[in-house]
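> Kindly return the folded structure for what I paste below:
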Amino acid sequence: MAKFDKIIGIYNENYYKIINIFGFKIKLKNSNQQLYKKMDKLHNDLNRNMQKNISVYVQHDKAFSGYKNAMYGKDVFLIATGPTLNYFNPVDGAVYVGCNAAFKYEKVKLDYLFMQDYEAVKDYIDEVPNFVTPECKLFYGYTCEYKKSRSKVIPESTAIKHGAMRYYTDWADIKGFRPEFVCDITTQPLCCYGTVAFPSMQFNLWTNPKRIYLVGCDCSSSHYDKSKLGDNLDDLTHLIKKWIKLKNFADAYYPDTEIISVNPVGLRGIFKEVWTESYLAEHPEIRDELGDKIEILQTKEVMNV
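The predicted structure follows:
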């Protein structure tokens, strides 16, 4: 009978059913085996996500719980790295939260610095201790799952050497996954959309300030130091729709915090807008367009009133 099975027979092979007729083989999907395979993957995904959620809770409670309402009544400036950063001078009495290479912008001394995506920061991250003060709090994110590469993760040894706190972003290798902005950053990963600006903004909102000013959030094609964007990106205009989502999120959950864009480029028409005199000097068409409706950022006043 065994010899006959080699000529005519049906048998299972991995996740397929093989029909052998005189040496001619027909390969069919084995529905039961396919179901078992899907169940195995689902079980593994659930276990992995449970483990990750526990890690996020433990780490974020340690990293962020002490900052809830910490900036109440204050002005916070998010310092990103678009070209318009070059037209910004600091405002007295404000809090400064920087993104990536913003720590090298010498006019501003940062109070907080967020960095993630090692491929983007590896050429300058070792310079951080030479630029920031010991009082500056560092947050280095884990952002790796959306790309199967450990080169995206800032090394733990670097975070330890710099005294940086770690946090998780929500880029997950899960079918149907969709990033979402979160209110409670002590229990959930921070919405990323591929830019460190959004985890920084969720932190800023968590601190419940009076106003958040966006500086260097240009959604344009270069950085303030003329460095390239990286990752074969031509520009950052794809982030404009995400900023609109961020505005809708903030309006719903943090209505008492006003968000203001300084020298907006890609963010024109989204947030309240203010301008610096140095930027207007090079872009007189904006003054012509807005006339007496234009609002100038007062860079030497204490604005926490």
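
> and Lys245, helix, strand or coil?
Here Lys245 is recorded as helix under DSSP: H, G, I helix; E, B strand; the rest coil.

> Over to the one 4 residues further on?
With three-state DSSP as the basis, Phe249 sits in helix.

> where's it relative to His238, distance?
18 Å (C-beta to C-beta, to the nearest Å). In short, each C-beta sits where N, CA and C put it, glycine included.

> Name the residue in those two with the higher neighbour count.
Phe249 (19 against 14; other C-beta atoms under 10 Å).

> Could you list the domains of this structure?
What automatic domain parsing lists as the domains of the chain is 1-67, 68-293.

> Can you add mean pLDDT and give the ones you listed back as TSV?
Shown next, in TSV, are the domains of the chain (pLDDT from 0 to 100):
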stretch	mean pLDDT
domain 1-67	71
domain 68-293	91
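
> deepest of the ones you listed, which one?
domain 68-293 (a mean of 18; mean count of other C-beta atoms under 10 Å).

> Tell me which stretches of the stretch 151-300 of the chain form helices.
156-162, 197-206, 240-253, 277-282, 284-290 (DSSP state H, counting those that start in this stretch).

> who wins for proximity to His223 among these?
helix 197-206 (12.7 Å; C-beta to C-beta).

> what angle do the closest one and helix 240-253 make?
10 degrees (axes from the mean of the first three to the mean of the last three C-alpha atoms, to 10 degrees).

> Which elements pack onto helix 197-206?
For helix 197-206, the packing partners by 3 or more C-beta pairs under 8 Å, 6 or more residues apart in numbering; DSSP states H and E come out as strand 75-79, strand 95-99, strand 112-115, strand 137-142, strand 211-215, helix 240-253.

> Extract the C-alpha trace of it and format it as CSV.
Extracted C-alpha coordinates of helix 197-206, given in CSV (Å, rounded to 0.1, in the frame of the first residue of the first chain):
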residue,chain,number,x,y,z
ALA,A,197,7.8,66.6,16.7
PHE,A,198,4.6,64.8,17.6
PRO,A,199,5.9,62.9,20.6
SER,A,200,7.3,66.3,21.8
MET,A,201,4.0,67.9,21.3
GLN,A,202,2.1,65.3,23.3
PHE,A,203,4.6,65.9,26.1
ASN,A,204,4.0,69.6,25.8
LEU,A,205,0.2,69.2,26.0
TRP,A,206,0.5,66.9,28.9
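
> who touches it?
Applying C-beta atoms under 8 Å, 6 or more residues apart in numbering, the external contacts of helix 197-206 come out as 64, 67-68, 71, 76, 78, 80, 97, 99, 112, 114, 116, 139, 141, 167, 169, 181-183, 185, 190-192, 212, 217, 239, 242, 246, 250, 253-254, 257.

> Quick one: residues contacting the closest residue to Phe103 other than its chain neighbours.
Nearest residue to Phe103 in three dimensions, chain neighbours excluded: Phe131, at 4.9 Å (C-beta to C-beta, 6 or more residues apart in numbering). By C-beta under 8 Å, 6+ apart, the contact list for Phe131 reads Phe103, Lys104, Glu106.

> re earlier: columns distance to Gly176 on top of the helices of the stretch 151-300 of the chain, output as a markdown table?
Compiled in a markdown table, the helices of the stretch 151-300 of the chain are given as follows (distance: least, C-beta to C-beta, whole Å):
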| stretch | distance to Gly176 |
| --- | --- |
| helix 156-162 | 30 |
| helix 197-206 | 21 |
| helix 240-253 | 18 |
| helix 277-282 | 42 |
| helix 284-290 | 43 |
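
> out of the ones you listed, nearest to Ser227?
Of all the helices of the stretch 151-300 of the chain, helix 197-206 sits nearest to Ser227, with 16.2 Å by C-beta to C-beta.

> Would you mind getting the angle between the closest one and strand 137-142?
Going by the same axes, to 10 degrees, helix 197-206 is angled at 130 degrees with respect to strand 137-142.

> now helix 197-206: how far from the chain's centre is it?
Relative to the chain's own centre, helix 197-206 is displaced by 9 Å; criterion: C-alpha atoms, centre = their mean, to the nearest Å.

> For Phe77, see how far away Glu135 is.
Distance from Glu135 to Phe77, counting by C-beta to C-beta: 16 Å.

> repeat for Lys68
From Lys68 to Phe77 the distance is 20 Å (C-beta to C-beta).

> ok, now Leu113?
Distance from Leu113 to Phe77, by C-beta to C-beta: 13 Å.

> Kindly report the same for Met115.
Distance, Met115 to Phe77, using C-beta to C-beta: 17 Å.

> With Ser261 instead?
For Ser261, the distance to Phe77 - C-beta to C-beta - is 11 Å.
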